[in-house]
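A.B. asks: Provided below for reference: sequence and predicted model.
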Amino acid sequence: MLEVQGLSARYGHVEALRPVDLYVGNGELVAVLGPNGAGKSTLMRALMGLVPTQGRVHFRGSEVPRHNPAAAAAMGLVLVPEGRGIFGPMTVADNLELGAYLLKRDKAELARRHERVLSLFPRLQERRAQVAGSLSGGEQQMLAVGRALMSQPKMLLLDEPSLGLAPRITEEILEKLAVLNREGLPIMLVEQKAPLALKLARRVYVMSVGSIAAEIDPRTIKSHDELARFYLG
């Protein structure tokens, strides 16, 4: 599904991502964990072509063009960025419609996708006419995920979806991601709340100083101390 070979990235003269190799298989939910500054967000941006990179990214058998986020999105690789990236002055409904910009006026399909997203996140149904900037943090994250789903992604990349959210809301959103994954949507998840990510993921990559430090099976992690060993080396 997604295969990454020797992917590296720089911000100016600073090497933010050292050559990384990883893969996500069909139907997998893979988590990427690691301390702040490990390169997790840079990895997600690099996969989408949002930062200058070297290396190769293959998705569904085709190479993803470098430095071309629109091409990556058209291939079905869709990122929900850290910070959500919603358009605050626009309504919830309009934000969702932006996610389906490739539909080219297919109103029936647009309505079907709206219905699907609103059934997954009923709170958005209640707030369709409300401007997005007035939503709570949790509702904004639901909107960000919903907007990504409007494009009918072949794979969903999520960067810190729990950032700044209350534990109850975090669990609610991650439960929805689990539902999507059970329905067959591959997901790659960057998450600071390691225990929650370990419950969801089939496999976990641990990053440190811009590279993959370990690949682990969540079922083998028995304690916080053992997880800390992977973080600290």
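C.D. replies: Perfect, I can see it now.

A.B. asks: Now do the buried residues in stretch 127-139.
C.D. replies: Neighbour-count burial for stretch 127-139 flags 127, 132, 135, 138, 139 (criterion: 16 or more other C-beta atoms under 10 Å). C-beta coordinates here come from the backbone N, C-alpha and C atoms, glycine included.

A.B. asks: Residue ranges of each domain in the protein, please.
C.D. replies: 1-76+154-233, 85-152 (automatic domain parsing).

A.B. asks: I'd like those as CSV, with mean pLDDT appended.
C.D. replies: Output for the domains of the chain, formatted as CSV (pLDDT from 0 to 100):
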stretch, mean pLDDT
domain 1-76+154-233, 91
domain 85-152, 93
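
A.B. asks: mind listing which of the buried residues of stretch 127-139 are in strands?
C.D. replies: Using DSSP state E, no member of the buried residues of stretch 127-139 sits in strands.

A.B. asks: what's the most distant pair in these?
C.D. replies: For the buried residues of stretch 127-139, the farthest-apart pair by C-beta to C-beta is 132 and 138; their separation is 12.8 Å.

A.B. asks: so who does residue 212 touch?
C.D. replies: Residues near residue 212 by C-beta atoms under 8 Å, 6 or more residues apart in numbering: 20, 21, 22, 205, 206.

A.B. asks: are any of those buried, and which?
C.D. replies: By 16+ other C-beta under 10 Å, the contacts of residue 212 give 20, 22, 205, 206 as buried.

A.B. asks: So for the lengthiest helix in the chain, what gets flagged as buried?
C.D. replies: Determined from DSSP state H, the single longest helix within the chain is helix 167-182. Under the neighbour-count criterion of 16+ other C-beta under 10 Å, helix 167-182 has 169, 170, 172, 173, 174, 176, 177, 180, 181 buried.

A.B. asks: Can you tell me which of those is nearest residue 111?
C.D. replies: Looking across those and measuring by C-beta to C-beta, the closest to residue 111 is residue 180, at 20.0 Å.

A.B. asks: okay if I get the contacts of residue 212 as JSON lines plus secondary structure and distance to residue 54?
C.D. replies: Below are the contacts of residue 212 laid out as JSON lines (DSSP: H, G, I helix; E, B strand; the rest coil; distance: C-beta to C-beta, whole Å):
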{"residue": "20", "secondary structure": "strand", "distance to residue 54": "11"}
{"residue": "21", "secondary structure": "strand", "distance to residue 54": "13"}
{"residue": "22", "secondary structure": "strand", "distance to residue 54": "15"}
{"residue": "205", "secondary structure": "strand", "distance to residue 54": "19"}
{"residue": "206", "secondary structure": "strand", "distance to residue 54": "22"}
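
A.B. asks: which of these lies closest to residue 150?
C.D. replies: Among the contacts of residue 212, and counting by C-beta to C-beta, the member closest to residue 150 is residue 22, at 27.0 Å.

A.B. asks: in the sheet, who's paired with that closest one?
C.D. replies: residue 4 (DSSP bridges).

A.B. asks: Work out for me the element the residue nearest the centre of the chain sits within.
C.D. replies: Nearest to the mean C-alpha position of the chain, by C-alpha atoms, centre = their mean, lies residue 158 at 1.4 Å. Assessed by DSSP states H and E, residue 158 sits inside strand 155-159.
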